[in-house]
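A.B. asks: Sequence and predicted structure below; questions after.
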Amino acid sequence: MKLIFISGLPGVGKLTVAKELSALTGYKLFHNHLVVDLLLSVFPFGSPQFVELRESIWLSVFDQAGPAGLPGLIFTFAAENTVRQSFVTKVQEAVAANSGTIFFVELVCDERELQQRMDTLSRRQHTKLTSWAKYQELKAAGAFSAPRLPEPSVTVDTGKFDPKSAALQIVKECGLKELEENTASEQH
C-alpha cells in the first residue's frame with residue numbers, strides 16, 4: 001500500500017487537493033477531520049483522551065489498510081503540538097510492517113493566500129480553524145511547529161497551482177498511477 005501523507009498549515013488546501021488526488025488515483029481519502037470531528041463531539045481538543053484516541057484511531061486505520069488490500073490511502077495532516085512526535089514514527093512503522101511506502105507531501109502557500117482561505121464555507125463544514133487572528137496567535141506560540149515530519153517527497157505551492165494541477169504534480173513526483181492506469185492493470 002502507498003500512503004500519501006499530505007501535510008501543511010491550516011488553510012493551505014490539504015483536503016481540496018486530497019479530493020482531487022483521490023479522484024485521479026482511486027485511492028481512498030482518510031482526512032484527519034473525520035477523526036477530529038468525531039472526538040470533539042465528546043472530548044475537548046488537546047485533552048489526554050482526545051490525543052490518545054485520535055492517534056489510536058489514525059494508527060488503527062493505517063494498520064488495517066495494508067492487509068485490507070488497499071493499493072493506496074491519502075491522509076491529510078496539520079502538524080500541531082498536541083500530536084506527539086512518536087505518532088510519526090508509529091505511522092512509518094505501521095506502513096513498513098505491511099511492506100508499504102509513505103510519500104510525505106507538503107502543501108504551502110503565502111500568508112496572504114492563507115488569510116483569504118481561512119474563513120470559508122468549506123472550512124466551516126468541519127471543525128477547522130477559521131479565525132485569522134487565532135491562526136496568527138497559534139503560529140506565534142509555535143503551535144504548528146511539531147511534530148516534525150520527514151523531508152517531503154514533494155512540496156507544492158497551492159497558491160500557484162489549482163487543486164487538480166497540484167494533485168497532478170503529486171501523481172507525477174511520487175510516481176503514482178492515475179485511475180485509468182490502475183483500472184487497466186487490475187484487469188490484466
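C.D. replies: Perfect, thanks for sending it.

A.B. asks: Distance check, Glu55 against Val108.
C.D. replies: Taking C-beta to C-beta, to the nearest Å as the measure, Glu55 falls 25 Å from Val108. Every C-beta, even on glycine, is put in place using the N, C-alpha and C of the backbone.

A.B. asks: all strands of this protein, in order?
C.D. replies: All strands of the chain, identified by DSSP state E, fall at 2-7, 28-31, 72-77, 101-108, 154-157.

A.B. asks: closest to Lys164 out of those strands?
C.D. replies: strand 154-157 (11.8 Å; C-beta to C-beta).

A.B. asks: so who does Ala166 touch?
C.D. replies: Neighbour list for Ala166: 13, 17, 20, 107, 156, 158 [criterion: C-beta atoms under 8 Å, 6 or more residues apart in numbering].

A.B. asks: Now distance to Glu113, pLDDT and neighbour count too, for the residues you listed, in CSV please.
C.D. replies: What follows is the contacts of Ala166, written out as CSV (distance: C-beta to C-beta, whole Å; pLDDT from 0 to 100; neighbours: other C-beta atoms under 10 Å):
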residue, distance to Glu113, pLDDT, neighbour count
Gly13, 9, 94, 27
Val17, 14, 98, 27
Glu20, 17, 97, 20
Leu107, 11, 98, 26
Val156, 13, 98, 25
Thr158, 8, 97, 23
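
A.B. asks: wait, which of the residues you listed is closest to Thr130?
C.D. replies: Comparing the contacts of Ala166 against Thr130 with C-beta to C-beta places Gly13 closest, at 14.7 Å.

A.B. asks: Export the strands of the chain as CSV, with columns for distance to Leu38.
C.D. replies: Shown next, in CSV, are those (distance: least, C-beta to C-beta, whole Å):
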stretch, distance to Leu38
strand 2-7, 20
strand 28-31, 12
strand 72-77, 15
strand 101-108, 24
strand 154-157, 28
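
A.B. asks: re the thing from before, possible to save the contacts of Ala166 as JSON lines with distance to Leu149?
C.D. replies: As requested, the contacts of Ala166 are exported to JSON lines (distance: C-beta to C-beta, whole Å):
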{"residue": "Gly13", "distance to Leu149": "17"}
{"residue": "Val17", "distance to Leu149": "17"}
{"residue": "Glu20", "distance to Leu149": "21"}
{"residue": "Leu107", "distance to Leu149": "12"}
{"residue": "Val156", "distance to Leu149": "15"}
{"residue": "Thr158", "distance to Leu149": "17"}
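
A.B. asks: ok, of those residues, which one's closest to Pro150?
C.D. replies: So of the contacts of Ala166, ranked by how close each gets to Pro150 (C-beta to C-beta), first place is Leu107, at 15.5 Å.
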